[in-house]
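Novice: need a structure here:
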Amino acid sequence: MLNTPLSDVDHVARPIVAIGTDYRPGTLLDFHTHRRAQFLYGMSGVMEVNTDDGTWMVPPYSGVWLPAGKRHQVRMNGVSTRSLYIEPHAAPRASPSCEVLVVTPLLHHLLLASAHIPARYDENGRDGALAQLLLCELEQAQVLPLFAPLPQDLPLANLCRAFLGQPNIHTLPDEWAQQLHCSQRTFNRLFRQQTGLSFGVWRQQACLMAAIPRLLSGSSVTRTALELGYDSPGAFSSMFRKVLGQSPSAFVREALKEDGALK
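Specialist: Now for the predicted structure:
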């Protein structure tokens, strides 16, 4: 189904409802929830997903898993999407939190085909088999570390949001400690308690989230590295490779190659 409101088909007694939707650049879907779990896949452009837990950056050929009832907001930057809305009892992932998932070429083609599955599909026919295979592939999908959890402490959360808007890898924890009027030791303990991560790991993930849309929009590795405060492109590339398993240039080449091959 293409450009069909979920409210028209949410009541249908099937494990999966699949909908394809095109969004204009800059479209903002304000905070909302779904009764079903959702897998939101962007075939082009970049999505930014915000929840009460934090922010996810979702590059092309990745998707975000949203558990049933999870309050979320999505900013679409020129995105054509495929969404799977899945009954909670059939959800293939047990995580109570959102996850950014790798979309393999197989899963990509399954998602393309899902847009042609009617709401009341034959569960014992081809469409039913396709739905079951989609659930299996989602269960096996690899998680990308493109998440920056937000703390519940309001002053700390404000600092985190400001950083997400203008990340710099050389921002120091003692600078934030001073703004919060506490010692660095107290700050480090508070930050880990509130986010589950050390400040250094959170800062790195926030910078990585900012780097991916820059790289995919054509910014050079050197420019991206310097904009994020890295001392050299080599230092940035080393971090990128350590986290994502490939260099920034290879990541972009693969994304563009898939973009051309799969469209």
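Novice: which residue is nearest the middle of this protein?
Specialist: Of all residues in the chain, the one closest to the mean position by Cα atoms, centre = their mean is Val58, 3.4 Å from it.
Novice: Now that residue: phi and psi?
Specialist: Backbone geometry at Val58, expressed as degrees, to the nearest 10, gives phi -120, psi 100.
Novice: nearest residue to it other than its sequence neighbours?
Specialist: Ranked by Cβ to Cβ, 6 or more residues apart in numbering and with sequence neighbours excluded, the top spatial neighbour of Val58 is Met47, at 4.1 Å. Yep, even glycine has a C-beta here, placed from its N, CA and C like the rest.
Novice: what do you get for Gln38?
Specialist: Leu66 (4.4 Å).
Novice: Run through the bridge partners of the closest residue in space to Ala115 that isn't next to it in sequence.
Specialist: Distance criterion Cβ to Cβ, 6+ apart; nearest residue to Ala115, sequence neighbours excluded, is Gly20 at 3.8 Å. Assessed by DSSP bridges, Gly20 has beta-bridge partners Leu2, Arg82.
Novice: Against Thr81, how distant is Gly20?
Specialist: Distance, Gly20 to Thr81, by Cβ to Cβ, to the nearest Å: 7 Å.
Novice: Which stretches in the stretch 1-150 of the chain count as strands?
Specialist: In the stretch 1-150 of the chain, strands defined by DSSP state E, counting those that start in this stretch lie at 16-22, 27-32, 37-42, 46-51, 54-58, 62-66, 72-77, 80-86, 99-102, 143-144, 147-149, listed in chain order.
Novice: Next up, the contacts around Gln246.
Specialist: Contact partners of Gln246, counting by Cβ atoms under 8 Å, 6 or more residues apart in numbering, are 240, 254.
Novice: hang on, it is in a strand, isn't it?
Specialist: No. According to DSSP: H, G, I helix; E, B strand; the rest coil, Gln246 belongs to no strand; its state is coil.
Novice: mean confidence score for the host helix or strand of Ala162?
Specialist: Secondary-structure assignment from DSSP states H and E places Ala162 in helix 154-165. Here the mean pLDDT over helix 154-165 is 90, rounded to a whole number.
Novice: Any buried residues in it, and which?
Specialist: Of all the residues in helix 154-165, those buried under the rule 16 or more other Cβ atoms under 10 Å are 156, 159-160, 163-164.
Novice: Same check on stretch 197-208?
Specialist: Residues of stretch 197-208 classed as buried under the neighbour-count rule (16+ other Cβ under 10 Å) are 197, 199, 202-208.
Novice: residues making contact with that stretch?
Specialist: Contacts to stretch 197-208, defined as Cβ under 8 Å, 6+ apart, come from residues 145-149, 160, 163-164, 167-169, 171, 173, 176, 187-188, 191-192, 195, 228-229, 239-240, 243-244.
Novice: on that earlier part again, wait, which of the buried residues of stretch 197-208 is closest to Gln73?
Specialist: Nearest to Gln73, judged by Cβ to Cβ, of the buried residues of stretch 197-208 is Ala206 at 17.7 Å.
Novice: angle of the one helix or strand that closest one maps to against strand 54-58?
Specialist: Counting by DSSP H and E, the element that carries Ala206 is helix 199-216. Taking axes from the mean of the first three to the mean of the last three Cα atoms, to 10 degrees, helix 199-216 and strand 54-58 form an angle of 30 degrees between their directions.
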